[in-house]
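Novice: structure here, sequence nowhere to be found:
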């Protein structure tokens, strides 16, 4: 990893649609938080802006510029440290974690 992952000024955030991490400022609605967001270009019905990555059509979470404090690129995956859980090796009684109904 060549570049240190750190928080950066929102004015330098990429506006090309790539996913980034953003810090949402604390407000009367709650404490500061981190979200996965992207810049969405304007279409014929609205303005461009920062949107939450988990927004769905018709239910879009859009952030006003002053709501976002800073950003950082998505951290790279470290495939050497990633592990998958072991497969289930117990008795197959048909009721793992529930009644089976």
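Specialist: Thanks, I have it. Because the structure is a prediction, the values reported are computed rather than measured.

Novice: next, the buried residues of stretch 29-46.
Specialist: For stretch 29-46, the neighbour count (16 or more other Cβ atoms under 10 Å) marks 35, 37-40 as buried. Every residue, glycine included, has its C-beta placed from N, CA and C.

Novice: now do the SS call for residue 75.
Specialist: Counting by DSSP: H, G, I helix; E, B strand; the rest coil, the backbone at residue 75 sits in coil.

Novice: just the helices from the protein, written as ranges.
Specialist: Read by DSSP state H, the chain holds no helices at all.

Novice: can you point me to the longest strand in it?
Specialist: Determined from DSSP state E, the single longest strand within the chain is strand 33-40.

Novice: need the contact partners of it.
Specialist: 13-24, 48-54, 62-63, 68, 71, 74 (Cβ atoms under 8 Å, 6 or more residues apart in numbering).

Novice: pull out the buried residues from those residues.
Specialist: Buried members of those, counted by 16+ other Cβ under 10 Å: 13, 20-24, 49-52, 63, 68, 71.

Novice: center of the chain, which residue is that?
Specialist: Geometric centre of the chain, nearest residue: residue 36, 2.2 Å, by Cα atoms, centre = their mean.

Novice: for that residue, give me the pLDDT.
Specialist: Looking at residue 36, its pLDDT stands at 92.

Novice: for residue 61, same thing?
Specialist: Taking residue 61 on its own, its pLDDT is 89.

Novice: count the residues that sit near it.
Specialist: Using other Cβ atoms under 10 Å, the number of residues around residue 61 comes to 13.

Novice: any chance you could map the strands in this protein?
Specialist: Going by DSSP E, the chain shows strands at 8-9, 20-24, 33-40, 49-52, 62-63, 68-73.

Novice: residues touching the closest residue to residue 70 other than its chain neighbours, list them.
Specialist: Nearest non-adjacent residue to residue 70, counting by Cβ to Cβ, 6 or more residues apart in numbering: residue 7, 4.2 Å away. Going by Cβ under 8 Å, 6+ apart, residue 7 touches 23, 70-72.
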